[in-house]
Each structure stands twice: as structure tokens, then as C-alpha cells.
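A.B. asks: below: sequence and its predicted model.
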Amino acid sequence: MKDVSNNKTALVELKDLNKMFFTDEVETNALSNINLAIYEGEYLSITGPSGCGKSTLLSLLGLLDTPTSGLYKLAGHNASNINQDERARIRNKEIGFIFQSFNLISDLTVAENIELPLTYRTDLTKNQRQDMVLSSLEKVDLAHRANHYPSQLSGGQQQRVAVARAIGGKPAIILADEPTGNLDSKNAESVMALLDELHQDGATICMVTHDPVFAARTQRIIEVFDGRVVSDERITEMPAIAV
């Protein structure tokens, strides 16, 4: 799919995507006929009320779940109907996750938490993994905390480690699910400033948020209601990519 105005190929393409859940013979349409393209270098937010389907959409984008029907392409891969091993391989290489609850492993150091997803990459040597860990920690200004454990860090620092883990493998896209949800206002602003900086450095970021103030910091706001995209508003123009 091409964005005619920018002449760019979509990094993510969803076409007629549906997700249904079946419980006790009850059929629930979590997502209906989602058509969406995300382009390299974009910073967009997905908003909507609780239960509207935005987290389900992020799960599908992150290959944590599979659609009931429809097409999903990610970085040139047709990710609609692939086996579990292939889904895990693409997810590990192409997607970086930032979760609301940090999801750090308590008995691993900061550096070990960041390196863990990289250990599943057969294309990386140990030295390459360690270089990537250090580089990502430097980007979030936590290199001096590499040998600390999550319990020794503040909530804001733990989320910065989670950001470092997300960018450690140089993914095609970063998916952030309410990344400020467990933080006070000061730490939330710090994490948002970090996401802003990563985007300015060229990262593609898709963030689920209920906060309209944080959504307004992104280039594009997608509103989901009752499992459908009801609004897709571009706030700022995408920068041209030099060829």
C-alpha cells in the first residue's frame, strides 16, 4: 500500500482485519473491518474508551494474538496466517514492546533484562548483544544502572529500562501500551519526552493511551470505538525520508 501524498510504502498494513472471541456460544466482535496503514517514521496514538478494542488491536499488531480474518503485513512479512514459531521470530526481530506494568524480571539485572530478548536472535553474537544493550541504556541515560536489579530502581527508571529493552534489538516498530499508566506525572512526562526523542531519531512508534494530552503529542491520532476505527486524524505532516 502506498501513501500517495508521501510516496511511501507502508511498514504496517491492515486490510479488513477482524477479531472475534467465542465464549459459551456467545460471539463477540472485538475488532471489525480494520483498515490501517502505518508508515516508517510515524508516531501515532490509538485512543478510545475502555473495552473499545484498542488493546486488542495492539495485541494483533504485536503478533501476540492472531486475527480471525483479514490481512496483516509487517515489514514485508505476511503475518496473517503463520505458525507460532514464525510469529515469534518476526515479533522478536521486528517489534519492540513497552508495557504499562514494565514486565521486568526481578531476579535479572537491568542489563540482563534488556539482553534476554536478544538471546533468541540467532543472527547476533554475544558481543553484538552486549553492544546493543549498552547502546540502548545510553539512550535512556541508565548505563550507570546496568548491574542494578529492578527493585533498586524507581518506577520511572524501571519504565526507562523497559524502553531500553524495546529498542535494544533495533525493531521496525515500537508498540507502547499505556506506557505512563503506572507513573506519577513527573515520571510520565519523562517517559513521554523519551518517546518524543526516539521518534525524532527515526523510530516508528504506535502508542495506546487514554490521555488526550499525551495523544496530542503524536503525529496522528486513531480513535477506536466498539471495535471500529471511527477517526484517523493526522496532526502533523510526516517528514520526508531522504533517498
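C.D. replies: Perfect, thanks for sending it. Residues are numbered from 1 along each chain as shown.
A.B. asks: quick check: what element follows the one helix or strand in the chain whose mean pLDDT sits lowest along the chain?
C.D. replies: Least confident helix or strand of the chain, by mean pLDDT, DSSP states H and E, is strand 2-3 with a mean of 45. Downstream of strand 2-3, the first helix or strand assigned by DSSP states H and E is strand 8-23.
A.B. asks: contacts for that following strand next, please.
C.D. replies: 1-3, 27-40, 42, 53, 56, 60-61, 65, 67-75, 172-173, 204, 206, 227, 238, 241 (Cβ atoms under 8 Å, 6 or more residues apart in numbering). To be clear about C-beta, it is placed using only N, CA and C from the backbone, and glycine gets the same treatment.
A.B. asks: now swap in stretch 104-112 and tell me
C.D. replies: Stretch 104-112 has contacts (Cβ under 8 Å, 6+ apart) with 113, 116, 133, 137, 142, 145-151, 153, 158, 161-162, 164-165.
A.B. asks: this structure: helices as residue ranges?
C.D. replies: 54-61, 84-94, 110-115, 126-139, 155-168, 185-200, 212-215 (DSSP state H).
A.B. asks: only C-alpha atoms, please: export the second one in CSV.
C.D. replies: Once side chains and other backbone atoms are set aside, the C-alpha atoms of helix 84-94 remain, and they are given as CSV (Å, rounded to 0.1, in the frame of the first residue of the first chain):
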residue,chain,number,x,y,z
GLN,A,84,3.7,-19.9,16.2
ASP,A,85,7.4,-20.2,15.6
GLU,A,86,7.4,-17.9,12.7
ARG,A,87,5.3,-15.4,14.6
ALA,A,88,7.7,-15.5,17.5
ARG,A,89,10.7,-15.0,15.2
ILE,A,90,9.2,-12.0,13.4
ARG,A,91,7.9,-10.5,16.7
ASN,A,92,11.4,-10.8,18.3
LYS,A,93,13.2,-9.1,15.4
GLU,A,94,10.7,-6.5,14.2
